[in-house]
Structures are given as C-alpha cells and as structure tokens.
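[1] model the structure of this input:
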Amino acid sequence: MTEPAPEHPLPHALMEGRPNPEPADGIASNGIARESVWSYPRPPRVEPCPRRVRVLLAGETVAESTSAVRVLETAGAPVIYVPPADVRADALRETGATSFCEWKGVASYFDIVVEEGMIERAAWAYPDPTPSFVSITDYLSFYPARLECYLDDERVEPQPGMFYGGWVTAEITGPIKGGPGSERW
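    Residues are numbered from 1 along each chain as shown. Take a look at the predicted model:
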C-alpha cells in the first residue's frame, strides 16, 4: 500500500502550477550555504543582511552599506534595503510615482542621477510602511536590472521579470517568481 504524499507547508495556491523547488543543500560557488526561496515566509520577514552592499551607476557609488536588511518572501529573491544614511542623497530624485504592496504599504520611487547618467525609477522606499515593516521606513532598495548591485564582491543578478526587485546571488535556489507562468505563485 502506498502512503499518501505529505502535505506541503505552503498554501495550495502557492503550490499550484509551480515546478518543484531546486535543492538548497551544500555550499554555493560564493562560499555561502544555499537557501531556497521556497523556505522564505509569507508574510515576508525582515532580517539583517550579513554582506556588504554596493550600488553603482556609471562607475559612481550610489549606496554602500554594512547595515542593510533583506526582506524575504516565499518564491521571491531577497530584496535588499539600504539605510538612508548609506545612500547618496544627491543621487536621488523623487519621481512622484507610487505602487502598493499588500504587506509593506505604499512605495515611493526615485530616479538615480549621477554626473555620467540617469536611470528612471531605479530605486524605491516605504516612507510610511505598515506596522510590521516600520523597521524599513525610508530604507531604499535598488533594481539590479537597472544598476550595478553587489553583495560583497559578487555582482547581483536581477530577479526574473520587470516588476520584482529581488537580488539573485549564487546561493539562492528557486524557481524564482517573475518569469513567464509564475504569476500565481
């Protein structure tokens, strides 16, 4: 007699239509233990980022921090948030654009402007987040698809899709939400 498959800890709606998670065991090429985006919680969790964060545009440093945090949410790559004191204020230009996150609240967007160039809507922050995310008030996150983003000396890859701002590094396993067919994850 065959035993029934164990219940998966994720809600059925998150399981529907997604491929099986990649293995998250061992050490990645960057020397860090692998972690699966499918082990991240829902609702998301904020935790310290143990790595040095750097963000550049046209070779100019826009942000550098050893005090960043990361937000972890089921199926998404970690999103790194940098304290405002570690971001060049002169490189930020508010756009007036906003979006809404069911967990964090209303985000405000910023263009990044340096002497050699400008990237529109390359960063965002939550000036008045929900109570659960008050710890990231005014912290900024940056789209690695639009800027050079590094954790330690590792260049970050962007999370799939144009909407998400997750930072993909060698230790992150998926599949990661954002690509075609992942809308319901």
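[2] please name the nearest non-neighbouring residue to Thr98.
    Val106 (5.3 Å; C-beta to C-beta, 6 or more residues apart in numbering). To be clear about C-beta, it is placed using only N, CA and C from the backbone, and glycine gets the same treatment.
[3] if you could redo that for Ala107, that was the one I meant.
    Leaving aside its sequence neighbours, Ala107 sits nearest to Trp124 (C-beta to C-beta, 6+ apart; 4.5 Å).
[4] re the thing from before, surely the residue nearest to Thr98 meets Tyr126?
    Yes - using C-beta atoms under 8 Å, Val106 is in contact with Tyr126, at 7.1 Å.
[5] tell me which of the two has more neighbours.
    Tyr126 (21 against 13; other C-beta atoms under 10 Å).
[6] from Ser29, how far out is the more buried one?
    When distance is defined by C-beta to C-beta, to the nearest Å, Tyr126 is 33 Å away from Ser29.
[7] again with Arg88
    Using C-beta to C-beta, Arg88 is found at 31 Å from Ser29.
[8] looking at the two, which is more packed in?
    For Arg88 and Ser29, the more surrounded residue by other C-beta under 10 Å is Arg88, and the numbers stand at 16 against 9.
[9] what sits against the more buried one?
    Thr61, Val62, Ala63 (C-beta atoms under 8 Å, 6 or more residues apart in numbering).
[10] distance of it relative to Pro175?
    Taking C-beta to C-beta as the measure, Arg88 falls 35 Å from Pro175.
[11] for the most centrally placed residue in the chain, grab phi and psi.
    The residue lying closest to the centre of the chain (C-alpha atoms, centre = their mean) is Val79, at 1.7 Å. Main-chain dihedrals, Val79, degrees, to the nearest 10: phi -110, psi 130.
[12] let me see the contact set for the spatially closest residue to it that is not a sequence neighbour.
    Closest residue in space to Val79, ignoring its immediate chain neighbours: Val71 at 4.6 Å, by C-beta to C-beta, 6+ apart. Listed by C-beta under 8 Å, 6+ apart, the contact partners of Val71 are Pro44, Arg45, Val46, Pro78, Val79, Tyr81, Lys104, Phe133, Ile136.
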